[in-house]
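Asks: Generate coordinates for the sequence data below:
(chains A and B)
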Amino acid sequence: MGNTITEKILMAHTDLREISAGQLINARVDIALGNDITAPIAIKEFRAAGGKKVFDRDKVALVLDHFTPNKDINSAQQCKTVREFAVEFGVTHFYEGGQVGVEHALLPEKGIVLPGDLVIGADSHTCTYGALGAFATGVGSTDLAAVMLTGELWFKVPSSIKFIIYGKLSKWVSGKDLILNIIGRIGVDGALYQAMEFTGETIDNLPMADRLSMANMAIEAGAKNGIFAPDAITKGYVEGRAERPYKFYASDADAVYSQIIEIDAGKLEPQVAFPHLPSNVKGVSQAGNVKIDQSLIGSCTNGRIEDLRIAAEILKNRKASPHVRLIVVPATPLIYRQAMHEGLLDIFMDANAVISPPSCGACLGGHLGILADGETSVATTNRNFVGRMGHPNSEVYLASPAVAAASAVLGRIASPEEL
Amino acid sequence: MIFTGKVWKFGDNIDTDAIIPARYLTTSDPAELAKHCMEDADPDFVAKMKPGDIIIGGENFGCGSSREHAPIAIKAAGISCVVAKSFARIFYRNAFNMGLPIFESGALADAIAEGKQITIDSAKGTIAIADSDQKFPISPIPPFMEQLIADGGLMKHIAKK
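Replies: Reported below is the predicted structural model:
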């Protein structure tokens, strides 16, 4: 009986010769990630356990990206805790200030996470790296502390759901729309404890930025990880970034799946997740008249240069509707610089957008774009729970950069086709 | 372990933003987090609940972010344990790792009314509703997870090894 790519990567990080879904294993970790919210608890646990060194200074990544630039004294204090730890233990991949980016955009961009890796992060969107053909999953702060001490962690080998996606995507349809559609089909716990394996001809032709958006939101279906078999597109992305060896894994032809779901993506229109669950999905043509106060383009889901190019294509020679706050968040300093050199920032500023520094702040209702009582935002982010971006009575609609840009112009949830 | 307490009932998909909103994550101080436990699901929860009370959830309790602040807030507020139809996987992991007892029982979550008293006997694997003959089974916990609880959480488990 064959194995899935998820099972193979997990097995390769143990001394086992066989592995199957449901098994509890102890596995070696290649990269362990924490941020300014989750790392302080891990550091406290690490120190309480008498940690004298981290298991491998090159395999820990600490990224101060959530409440940064420091939003208040408490946030500054949390960052200080992480900085002091990073300096004391010589953590190689420590990012802050002008070098920090949104962690799940930054780590792939810098080649820190690679195909075949086993990555854990004290951040639920760690599953993003499955786009590269890595096993990557979000864990808690205590798990991060354990890995920083020992380099290993316990896992339950997940069963896998195989998605076979075919058909040519329409002009404004992206990986974001695919994953929203999938979450709408299977629900926010439709893949609970499982791996989501994305395959099919649509996926074979899907650019890396779109794959990263899709893997990013696997957690929104309850999944342990999302994963794509690495291919020529993966190679093209990783080459020039990787500074260590990496390995491509693929599922066996006779691998066992808990479920196989086929999707014709050729008929798909841009998708919108209505409040207050990522599974509350409709086609944009069915959205009705939803007035917005804010449009947020950015985040670990959709803050990459490809996302900003799409937004700029739509916003060029247009302006955000009066009283709509358009906020653009380039996810990393490199993306920011690229957007600057390509003239995208001029287009955004001409459209009356605010250009934010790279930060997770607005997406999680931390800072840099909070909603008031009764306000509504369309956002290219990943969660629209009650109070996610501010006041408990505010609302978040999740969509692609194309829909967010068109909505900013028209002042309501809209398709680019309407412009 | 035996837990007896009054239950507070919540629906499906109670996410970690509802358990502890991100606006309070500028600290990891348990006492501070406890003040806002369940705030965006029920703003009056902390004022109403008493130490030893039990939270009942529906499907996918604790979905969303990986923040360990969520089980910390629940535990520090004095909630003795959480029973739900199912748990989101990171929350499940976090609860065992940091020592918040959680139990799965879909039948109880359906049958119980808010304000009732229940008794959970984890050794026997049953939950009983006070003043009634009704008993509900708890889904069995994998032996490894039992070991984690017995050792007092993941860090103590590692120290023991």
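Asks: Count the residues that sit near the nearest residue to A:T199 once chain neighbours are set aside.
Replies: Nearest-residue entry for A:T199: A:I164, 5.5 Å, with adjacent residues in sequence omitted and distances by Cβ to Cβ, 6 or more residues apart in numbering or on different chains. (Each C-beta comes from the backbone N, C-alpha and C, glycine too.) Counted with other Cβ atoms under 10 Å in any protein chain shown, residues neighbouring A:I164 total 16.
Asks: List the buried residues of the helix or strand harbouring A:I164.
Replies: Under the criterion of DSSP states H and E, A:I164 resides in strand A:160-166. Buried residues in strand A:160-166, counted by 16 or more other Cβ atoms under 10 Å in any protein chain shown: A:160-165.
Asks: Longest helix in chain A, by number of residues?
Replies: Of all segments of type helix in chain A, defined using DSSP state H, the longest is helix A:73-88.
Asks: B:L25 contacts A:T38, correct?
Replies: No: between B:L25 and A:T38 there is no contact under Cβ atoms under 8 Å: 9.0 Å.
Asks: which neighbours do those two share?
Replies: Common neighbours of B:L25 and A:T38, using Cβ atoms under 8 Å, 6 or more residues apart in numbering or on different chains, are B:R67.
Asks: higher neighbour count, those two?
Replies: Between B:L25 and A:T38, counted using other Cβ under 10 Å, A:T38 has the larger neighbour count: 31 against 27.
Asks: Measure how buried the nearest residue to that one once chain neighbours are set aside is and give me the count.
Replies: Nearest residue to A:T38, sequence neighbours excluded (Cβ to Cβ, 6+ apart): A:A122, at 3.6 Å. By other Cβ under 10 Å, the residues close to A:A122 number 28.
Asks: Pull up the per-residue confidence for A:A122.
Replies: A:A122 carries a pLDDT value of 98.
Asks: what's near enough to touch it?
Replies: Applying Cβ under 8 Å, 6+ apart, the residues near A:A122 are A:33-35, A:38-39, A:41-42, A:138-141, A:143-144, B:66, B:68.
Asks: Same check on A:D36?
Replies: A:D36 is in contact with A:63-68, A:75, A:78-79, A:82, counting by Cβ under 8 Å, 6+ apart.
Asks: what's the spacing between it and A:A255?
Replies: Per Cβ to Cβ, to the nearest Å, A:D36 is found 39 Å from A:A255.
Asks: Could you do B:N60 as well?
Replies: 27 Å.
Asks: more crowded one of these two?
Replies: B:N60 (24 against 18).
Asks: does A:D56 really touch A:G151, like I thought?
Replies: Yes: between A:D56 and A:G151 there is a contact under Cβ under 8 Å: 6.3 Å.
Asks: what about residue 2, how many neighbours?
Replies: Went with chain A since none was named. Neighbours of A:G2 using other Cβ under 10 Å come to 11.
Asks: Actually, chain B is the one I wanted.
Replies: So B:I2, with other Cβ under 10 Å, has 10 neighbours.
Asks: do the one 4 residues further on as well
Replies: By the measure other Cβ under 10 Å, the count of residues near B:K6 is 16.
Asks: now do A:K267
Replies: 10.
Asks: Quick check, pLDDT for residue 78.
Replies: Assuming you mean chain A. Taking A:Q78 on its own, its pLDDT is 98.
Asks: hm, I was asking about chain B
Replies: 97.
Asks: you'd agree B:S65 is up against B:D17?
Replies: Yes: B:S65 is within contact range of B:D17, at 7.0 Å (criterion: Cβ under 8 Å).
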